[in-house]
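J.: Following is a predicted model, sequence given first.
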Amino acid sequence: MLIKKPEIPSSEITSKDLYLNRRKFLAGAALAGAAAATGIAFRALASPSLTAAANAKIDGIQKSGLSAAEKQTPYKDVTNYNNFYEFSTDKYEPAGAAKDFRTRPWTVTIDGAVKKKQVLDVDSIIKMAAPEERIYRHRCVEGWSIVVPWVGFSLSELIKRAEPLGKARFVEFTTLYDPKQMPGQRVAVLKWPYVEGLRMDEAMHPLALLCFGMYGEVLPNQDGAPLRLVMPWKYGFKSVKSIVRIRFTDDQPMNSWQLSAPNEYGFYSNVNPNVDHPRWSQAKERRLGEFSKRPTLMFNGYDQVASLYSGMDLKKNF
Ligand SMILES: Nc1nc2c(c(=O)[nH]1)N[C@H]1C(S)=C(S)[C@@H](COP(=O)(O)O)O[C@H]1N2
Ligand SMILES: [Mo]
């Protein structure tokens, strides 16, 4: 039986930010006291759960013409306000809770309706194509958004090498299931493991990004290391993190959020300001680190995907 935990509407973000600042302040005050007592440098102690692990630089990153010319969201916001329910339903907690998550060795199983069924080491996947920096807008269904310089390459690079069969019309992605490492999986907030699906033409669209880095560095654990999707024209939950399996199939896969609340989350989940979530409007969004809201754009502003959905009723296929 699934326990439904409602997502927090965007109207509550501001008060949460205040809460965080207060928490930071309290933690800082306690640490400063400890540092004074022991003589240990305060900087070495400051707020460990709010600091992302030092990440290695990625070499040879090329700029992409698919990037948005927009102000990037500060790294500290993108890495300290995360939806990653395997670690916590509190957005401020994955940064700390995922700190010791083991992302090596890591394999990805490619199976289903595909010619080259195989188990690939994540490092061999990362080397399949040249890394690109893609500055994308990313919009969470809860009303916040970010602009991130992701690093990766088009998912199509992996798919074409796997040689899907003609009957493969969809692709399903699965996150690691490891309740020992992922405390959130010991709670039935979602049916584990987290799964997501795309139609094959969506997965093959050049914008669909197979991602292993951000801000020029290896992806922090809380952002979905070692390998995640970034689907910039869809709500954030389609961008599945810490992928261990990619399965090709002829029927439409279910996804975790649709399984949990089918009236609230559909298969397509394209960003659409004209279709409200049953419990809140999707017309506006708030960029992390900014104060006022801005209007949300159809397909999150990625008009080049519109032809994928021509003739479809996007109210029905939400
Ligand atoms: N496995 C997994 N993937 C996931 C999630 C999750 O809880 N588990 N949350 C999704 C949601 S709702 C969003 S908004 C984005 C957040 O990505 P970010 O933390 O890098 O901003 O990840 C998505 N991918
Ligand atoms: Mo989200």
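T.: Thanks, I have it. Ligands and ions are numbered 1, 2, ... in the order given.

J.: what does stretch 217-228 contact?
T.: 52-53, 55-58, 78-80, 82, 84, 87, 94-95, 97-99, 101, 103-104, 106, 108, 122, 125-126, 151, 210-214, 239-243 (C-beta atoms under 8 Å, 6 or more residues apart in numbering). C-beta coordinates here come from the backbone N, C-alpha and C atoms, glycine included.

J.: Just the buried residues of it, please?
T.: E217, V218, L219, P220, N221, Q222, D223, G224, A225, P226, L227, R228 (16 or more other C-beta atoms under 10 Å).

J.: Compile those residues into a markdown table and extend it with columns for pLDDT and distance to Y265.
T.: Output for those, formatted as a markdown table (pLDDT from 0 to 100; distance: C-beta to C-beta, whole Å):
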| residue | pLDDT | distance to Y265 |
| --- | --- | --- |
| E217 | 97 | 31 |
| V218 | 97 | 30 |
| L219 | 97 | 24 |
| P220 | 97 | 26 |
| N221 | 98 | 25 |
| Q222 | 98 | 22 |
| D223 | 98 | 21 |
| G224 | 98 | 19 |
| A225 | 98 | 25 |
| P226 | 98 | 26 |
| L227 | 98 | 23 |
| R228 | 98 | 19 |
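
J.: among those, which are in strands?
T.: E217, V218, R228 (DSSP state E).

J.: Need the residues you listed in JSON lines (columns: distance to ligand 1).
T.: What follows is these, written out as JSON lines (distance: C-beta to the nearest ligand atom, whole Å):
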{"residue": "E217", "distance to ligand 1": "14"}
{"residue": "V218", "distance to ligand 1": "14"}
{"residue": "R228", "distance to ligand 1": "7"}
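
J.: Paired strands for the strand ranked longest in the chain, with orientation please.
T.: Determined from DSSP E, the single longest strand within the chain is strand 144-154. Strands that pair with strand 144-154, judged by DSSP bridges, come out as strand 132-139 (antiparallel), strand 209-214 (antiparallel), strand 284-287 (parallel).

J.: pLDDT below threshold where in this protein?
T.: 1-54 (pLDDT under 70).

J.: what ranges do the strands span in the stretch 51-200 of the chain?
T.: 62-63, 107-112, 118-121, 132-139, 144-154, 170-175, 195-199 (DSSP state E, counting those that start in this stretch).

J.: Could you check how far the first one is from the centre of its chain?
T.: The offset between the C-alpha centroid of strand 62-63 and the centroid of the whole chain comes to 21 Å, using C-alpha atoms, centre = their mean, to the nearest Å.

J.: just the second one next, same as before
T.: Using C-alpha atoms, centre = their mean, the distance from the centre of strand 107-112 to the centre of the chain it belongs to is 20 Å.

J.: How about the last one?
T.: How far strand 195-199 lies from its chain's middle: 13 Å, per C-alpha atoms, centre = their mean.

J.: Residues in contact with that strand: which ones?
T.: Residues contacting strand 195-199 (C-beta under 8 Å, 6+ apart): 169-175, 208, 229, 231, 237-240, 252-256, 267, 308.

J.: So among the residues you listed, which ones count as buried?
T.: The buried subset of these - by 16+ other C-beta under 10 Å - is 170-175, 208, 229, 231, 237-240, 253, 255-256, 267, 308.

J.: How about the residues of the stretch 101-250 of the chain by ligand 2?
T.: Contact residues, the stretch 101-250 of the chain versus ligand 2 (C-beta under 5 Å from the ion): C140, V141, G236, F237.

J.: if I pick the closest residue to D276 other than its chain neighbours, what's in contact with it?
T.: The spatially closest residue to D276, leaving aside those adjacent along the chain, is Q282, at 5.6 Å (C-beta to C-beta, 6 or more residues apart in numbering). By C-beta under 8 Å, 6+ apart, Q282 lies in contact with V141, G143, V271, N272, P273, N274, V275, D276, T296.

J.: For the residue nearest the centre of the chain, which residues are in contact?
T.: Closest to where the C-alpha atoms of the chain average out (C-alpha atoms, centre = their mean) is S239, at 4.5 Å. If you count contacts by C-beta under 8 Å, 6+ apart, S239 has them with H138, E196, G224, R228, L229, V230, M231.

J.: Among those, pick out the one closest to Q185, please.
T.: Lowest distance from Q185 to these (C-beta to C-beta) belongs to G224, with 15.2 Å.

J.: Against N263, how distant is the closest one?
T.: 27 Å (C-beta to C-beta, to the nearest Å).
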